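1. could you look at this predicted model? Sequence included:
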Amino acid sequence: MSQSDAPVSLADVERALDTAGLTPRGAFHPEPADNVPDLPGGNNAGTLVLAGNVGPAMWQAFSTTEPTGKDALDRWSADVLTPIADRFGGAAHLPGGPPYLPFIRWAQRAGPVQPSAIGMLIHPDYGLWHAYRGALALPDRLDLPPPDERPRACDTCADKPCLATCPVGSFTTEGYDVPSCADYLDTTPDNSCLSQGCAARRACPVGRDYHYAPEQAAFHMAAFLRANRIAG
C-alpha cells in the first residue's frame, strides 16, 4: 500500500512518473531470479516499474534544472524517483553502482526490447532512442497489462545500416570496440557523433521520430567520452 493506505494502480504510478518528466517503461512481477532487492523491512517487491526516457521528453524536464557536474543526470533521477517511491511505499533503484543491478534483464522483462545488432536495446517503436533512469520496487502486486511480445525489429532489417555507418568501424557482429570509439571522439575535431549522437545509432531506420535533439545528444555523448576517454 502507499503511505495513505489507498489502493495503488499502475496508472497511478505512471501518472506520477509522467508528471515528473520520466516515461513509464513497463512493469513486471519479480521472481527470485530477477534479483530485485528486498524492500525496507525485508519484504519482497510485488511489482517493479521501470522508468526512463523516450525521445526528448525527459530532456525537457531535466534541462530546466540547469544541471552541473558529471553526475547531474543521475542526481536528478534520484531526486525524482525517490519521492515517488516513498509516496507508494516502495524503494527506488538506479542503474549506477556498485552494486550493479540487472537493469538489462529488468528492461527485457518489462517491455518489448531486445539487444540490437549493435548491442543497445532496441524497441519496436522507439528504436534506439530510449533509456532507463531507474526502477520503482513497490510492495503491492499491481494488475498489469498482457506482455508486449512483438519481435525484434532487427530481425526484419536486411541492410542493417547501423553496422556499416560508424566512421571507425567500432560496431561489428563481434561486438562493440569501445576504445576505438572513444579515441575517435576524443581526437577528431567537429565529428558529428559528438555533436549529434552516435552515427550508427542515427542510421537505424526504427524510431526516427524519437531522435534526440542535438543538445541532448551532445550531453549524453560528452558523458560517454568522460567515462571512456583514453587519449592524452
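-> Great, that's in hand. Numbers count the residues shown, from 1 in each chain.
2. helices or strands up against the strand or helix carrying Ser180?
-> Following DSSP states H and E, one finds Ser180 within helix 178-187. Counting contacts by 3 or more Cβ pairs under 8 Å, 6 or more residues apart in numbering; DSSP states H and E, helix 178-187 is packed against helix 192-196, helix 214-228. Every C-beta, even on glycine, is put in place using the N, C-alpha and C of the backbone.
3. and those helices: which comes nearest Gly127?
-> Closest approach to Gly127 among the helices and strands packed on helix 178-187 is made by helix 214-228 (13.9 Å; Cβ to Cβ).
4. what's the angle from that closest one to helix 178-187?
-> Taking axes from the mean of the first three to the mean of the last three Cα atoms, to 10 degrees, helix 214-228 and helix 178-187 form an angle of 120 degrees between their directions.
5. buried residues, helix 214-228. List them.
-> Across helix 214-228, burial judged by 16 or more other Cβ atoms under 10 Å covers Gln216, Ala217, Ala218, Phe219, Met221, Phe224, Leu225.
6. per-residue confidence averaged over that helix?
-> Helix 214-228 shows a mean pLDDT of 93.
7. gap between stretch 211-222 and the chain center?
-> Centre-to-centre, stretch 211-222 and its host chain are 14 Å apart (Cα atoms, centre = their mean, to the nearest Å).
8. now do it: everything it contacts.
-> Stretch 211-222 is contacted from outside by 55-56, 59, 63, 73, 129, 185, 193-198, 202, using Cβ atoms under 8 Å, 6 or more residues apart in numbering.
9. swap the cut-off to 6 Å and go again
-> Contacting residues not belonging to stretch 211-222 are listed as Pro56, Trp59, Trp129, Leu194, Ser195, Gln196, Gly197 [Cβ atoms under 6 Å, 6 or more residues apart in numbering].
10. the chain - how does it break down into domains?
-> As recorded under automatic domain parsing, the domains making up the chain are 10-138, 153-228.
11. that older thread, buried subset of the contacts of stretch 211-222 as a ChimeraX selection?
-> A single ChimeraX command suffices to select whichever of these are buried according to 16+ other Cβ under 10 Å:
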select :56,59,129,194,196,197
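12. state the pair within the contacts of stretch 211-222 that is farthest apart.
-> Farthest-apart pair in these is Pro56 and Leu194; separation 18.3 Å (Cβ to Cβ).
13. dump the helices and strands packed on helix 178-187 to CSV, plus distance to Pro99.
-> Converted to CSV, the helices and strands packed on helix 178-187 look like this (distance: least, Cβ to Cβ, whole Å):
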stretch, distance to Pro99
helix 192-196, 31
helix 214-228, 18
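14. looking at those helices, which is nearest to Pro145?
-> Among those, the nearest to Pro145 by Cβ to Cβ is helix 214-228 (29.1 Å).
15. with just CA atoms, put the lowest-mean-pLDDT helix or strand in the chain into PDB.
-> In the chain, no helix or strand scores lower on mean pLDDT, DSSP states H and E than helix 57-63, which sits at a mean of 90. The C-alpha trace of helix 57-63 is given here as PDB (Å, rounded to 0.1, in the frame of the first residue of the first chain):
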ATOM      1  CA  ALA A  57      10.600  14.200 -23.200                       C
ATOM      2  CA  MET A  58      12.900  13.700 -20.200                       C
ATOM      3  CA  TRP A  59      15.400  16.200 -21.500                       C
ATOM      4  CA  GLN A  60      12.800  19.000 -21.400                       C
ATOM      5  CA  ALA A  61      12.300  18.400 -17.600                       C
ATOM      6  CA  PHE A  62      15.900  17.800 -16.800                       C
ATOM      7  CA  SER A  63      17.400  20.700 -18.600                       C
END
